[in-house]
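Engineer: here is a sequence with its predicted model. Questions after.
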Amino acid sequence: MKRYTLRAMWPAAAALAVAVAATLWLALRPPPPAAAPEALVIATNTEYVGACPVMAAQAKGYFAGQRLAVRLQPYTSGREALLAVTSHRADMATVADIPIMFFAMDGAPIRVVSTIFRTGRDHGLVARRDRGISSPADLKGKRIGVTLSTSGHFTLEVFLNRQRLDTRDVQLVNYPPDALQQAITDGKVDAVSGWDPFLGAAAESLGGNGIRFGGADIYESIYNMVALAPYIHQRPGTMVRLLRALEQGERFCRDQPGASVAFFPRLSAGQATAMLSAWPAHHFGLELDQSLLLVLEDQSRWAIKAGLTGAREVPNFLDYIYLDGLKAVSPSEVTIIY
């Protein structure tokens, strides 16, 4: 009887030994290799204050913390950055509302993942006093440098309308954003319309001979993260991780303006001081707000009326918004009606 009992215990003892050995093996084996970071190319204006959340996420390691190996591809305008995406030279782009409107009117399959920045202090005009310009009304009949089909162009149209003028009352000269300063400094134009830092550089180069016009009631820049629809829908998890990193980046920019200005080393001392003084008027934050749709609709009507697009109908811009990413990260910031 005793011999039978011991024999019956052998399978249980053997099973226990196997379990102990398995536990030891699991405890001592090396951990599995971490998943490789996902490569991501973001086309952005690395000199524009609105790109601060992207610059902070890169410099402070927030992208890396979300397993994203991000490479920044520099451009001087949102239009060129978005063109890099649609031509498959970049995965995502930071871009203001005007280029989004134009690309949507052309039927490009783009989607706004999130707004990352708003301000009414970065656009306007700079004019030469020695050309007889001391007030906005003096712009009539003048040569104005501008980057056509950009937010600088839209700002100029709105500004002129406030003076009971339109583009037929001035002569527009098309320049890339980074060529506006030289054009007005050399006297090739009487004024320029655009955005900082290029506008600030133009004013700085003219010194006392320059006068700047602008204001939050003329144009509020709404700066966004955008990608192609197929890219987004193939990588929903990537969009969530990207937004989490940007959320950390925008918080850094909001809370630490002095340290954030250091992300823009190409600014002159005067431009850096001006950027810092304007910081309280800037809004850093992830959002998808109904106002973006309303602005895009207004701008599309302007583009149609001015003959700047071949489209004749205002599209449904809700079709150009990707909601799921921000709804997963910060649902309270999704206020678009859908």
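Structural biologist: Now that the structure is in, tell me what you want to look at.

Engineer: tally of neighbours for residue 62?
Structural biologist: Residue 62 is flanked by 23 other residues according to other Cβ atoms under 10 Å. To be clear about C-beta, it is placed using only N, CA and C from the backbone, and glycine gets the same treatment.

Engineer: distance-wise, check it relative to residue 170.
Structural biologist: Separation of residue 62 from residue 170 (Cβ to Cβ, to the nearest Å) stands at 44 Å.

Engineer: same question for residue 251.
Structural biologist: Going from residue 251 to residue 170 by Cβ to Cβ gives 42 Å.

Engineer: one more: residue 132?
Structural biologist: 14 Å.

Engineer: those two - which one has more neighbours?
Structural biologist: More crowded of residue 132 and residue 170, by other Cβ under 10 Å: residue 170, with 20 against 11.

Engineer: report pLDDT for residue 274.
Structural biologist: Per-residue pLDDT puts residue 274 at 89.

Engineer: wait, doesn't it sit right on residue 212?
Structural biologist: No. Assessed by Cβ atoms under 8 Å, residue 274 is found out of contact with residue 212, at 10.3 Å.

Engineer: quick one: low-confidence ranges for the stretch 151-300 of the chain?
Structural biologist: Within the stretch 151-300 of the chain, the stretches with pLDDT under 70 are 215-216.

Engineer: where do the helices of it begin and end?
Structural biologist: Listed in chain order, the helices found in the stretch 151-300 of the chain under DSSP state H, counting those that start in this stretch are 151-162, 180-185, 198-206, 229-234, 236-255, 257-261, 269-278, 290-305.

Engineer: would you list these in JSON lines and tack on mean neighbour count and distance to residue 333?
Structural biologist: Output for the helices of the stretch 151-300 of the chain, formatted as JSON lines (neighbours: other Cβ atoms under 10 Å; distance: least, Cβ to Cβ, whole Å):
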{"stretch": "helix 151-162", "mean neighbour count": "22", "distance to residue 333": "23"}
{"stretch": "helix 180-185", "mean neighbour count": "22", "distance to residue 333": "34"}
{"stretch": "helix 198-206", "mean neighbour count": "22", "distance to residue 333": "29"}
{"stretch": "helix 229-234", "mean neighbour count": "14", "distance to residue 333": "18"}
{"stretch": "helix 236-255", "mean neighbour count": "20", "distance to residue 333": "10"}
{"stretch": "helix 257-261", "mean neighbour count": "17", "distance to residue 333": "21"}
{"stretch": "helix 269-278", "mean neighbour count": "15", "distance to residue 333": "24"}
{"stretch": "helix 290-305", "mean neighbour count": "17", "distance to residue 333": "12"}
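
Engineer: let's have those helices in CSV, adding distance to residue 121.
Structural biologist: Listed next are the helices of the stretch 151-300 of the chain as CSV, based on distance: least, Cβ to Cβ, whole Å:
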stretch, distance to residue 121
helix 151-162, 12
helix 180-185, 18
helix 198-206, 11
helix 229-234, 31
helix 236-255, 15
helix 257-261, 13
helix 269-278, 5
helix 290-305, 17
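
Engineer: list the residues that contact residue 123.
Structural biologist: The contact partners of residue 123, taken as Cβ atoms under 8 Å, 6 or more residues apart in numbering, are 151-152, 155, 193-196, 199, 214, 218-219, 221.
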